[in-house]
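> okay, predicted coordinates and the sequence, questions at the end:
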Amino acid sequence: MPKIVALTGATGFVGRIVLLDLLEQGYRIKALVRPGSLDKTLQHENINWIEGRLGDLASETALCADADIVVHMAGLVTARAKSDYYEINADAVGSLAQAASAAKVERFIYLSSLAAKKPELSDYAGSKRAGEGALARNLGDMKAVVVRAPAVFGAGDKATAPFYALIKKGWLPAPGGRGWRMRKLGLVHVDDFAAFITGACLGGLCDGRTVSPATKANITWPGFGLECAGAMGKRVRVFPLPLSLLYPIAAINSVTKRLFGKGHLTLGKLREFLHEDWSTPDEFVSETPLQLALKKTILVGE
């Protein structure tokens, strides 16, 4: 019998690709979906959709029952309050790990974030580090992999679509400030990321480790601009956004986010953007040329 993989976040940007990869490899899948959202899911004879919520004991128990592997990809990227981040990105990781351990799951793969290496920068980063700790405390006899994702990109990501739309027009906005040209980024295309999860991670090659896959492990903003230009065959101008503009916007967004749930660039997110080194180790770098991955992202539909 093919192994059963229990998924959270299967309807998300990364999750949809992971789901398709698993189906292609012949896995049977149990996937958690929010109540009332079944009409938005992919229907397949090898998928069993379970309506429920993270942090709910009955939902997590039903998801993990009979599963061989848990791939936990769901989480909050943006939230109104610190408590919201920690409820989903930390507490729910621990409760899901408890349910998986009780169900005798063999392996637990947790999608964290590279931001977790600097938990002091933001509530999001802190909650992802706390989630790693919650998993470690509730593993039992399970094998585990923590995947700290760098910046994930690809066609179909609504969050980054406006950013790549600007690049398509020949403009690359970058956070400014002192030393902005030397800030380091790690990037992974969504196809490479999904292949890493369903390949090396599910295959046991990363058990007991914290790992970060990449399409490009280390690149600066000017270097990224050159790669975008090469992908499109035209000039891309990198322009640094002054901190005198970014800080007031982030301060206002921090207030509107808490009060109304509106605004992405909060002070915490700005501190993440201004961190000098989000590069990754070069151990798990794909063979995909960055320009090819960018072409698939920027020039989608052409």
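On my side now, so go ahead.
> my guess is Ala92 contacts Gly55. True?
Yes: with the criterion set as C-beta atoms under 8 Å, Ala92 and Gly55 qualify as a contacting pair; they are 4.2 Å apart. Bear in mind the C-beta positions are built from the backbone N, C-alpha and C, glycine included.
> these two: which is more packed in?
Comparing Ala92 with Gly55 by neighbour count (other C-beta atoms under 10 Å), the higher total belongs to Ala92, at 23 against 15.
> can you map out the helices along the chain?
Read by DSSP state H, the chain holds these helices, from start to end of the chain: 13-25, 57-64, 82-86, 92-102, 123-137, 161-168, 190-196, 221-232, 243-260, 267-274, 290-298.
> name whatever forms a beta bridge with Ile109.
When bridges are called by DSSP bridges, Ile109 pairs up with Val71, Val145.
> please report the distance of it from Thr215.
For Ile109, the distance to Thr215 equals 19 Å [C-beta to C-beta, to the nearest Å].
> so for those two, which sits in the more crowded spot?
In this comparison of Ile109 against Thr215, neighbours counted by other C-beta under 10 Å, the higher total goes to Thr215 at 27 against 23.
> separation between that one and Gly154?
Going from Thr215 to Gly154 by C-beta to C-beta gives 10 Å.
> again, but for Ala161
Following C-beta to C-beta, the distance that separates Ala161 from Gly154 is 10 Å.
> residues touching the closest residue in space to Trp221 that isn't next to it in sequence, list them.
In this structure, Trp221 finds its nearest non-sequential neighbour in Ala174, 4.2 Å apart by C-beta to C-beta, 6 or more residues apart in numbering. For Ala174, the residues meeting the contact criterion (C-beta atoms under 8 Å, 6 or more residues apart in numbering) are Trp180, Trp221, Val238, Phe239, Pro240, Leu241.
> Tyr247 now?
For Tyr247, the residues meeting the contact criterion (C-beta under 8 Å, 6+ apart) are Leu267, Leu270.
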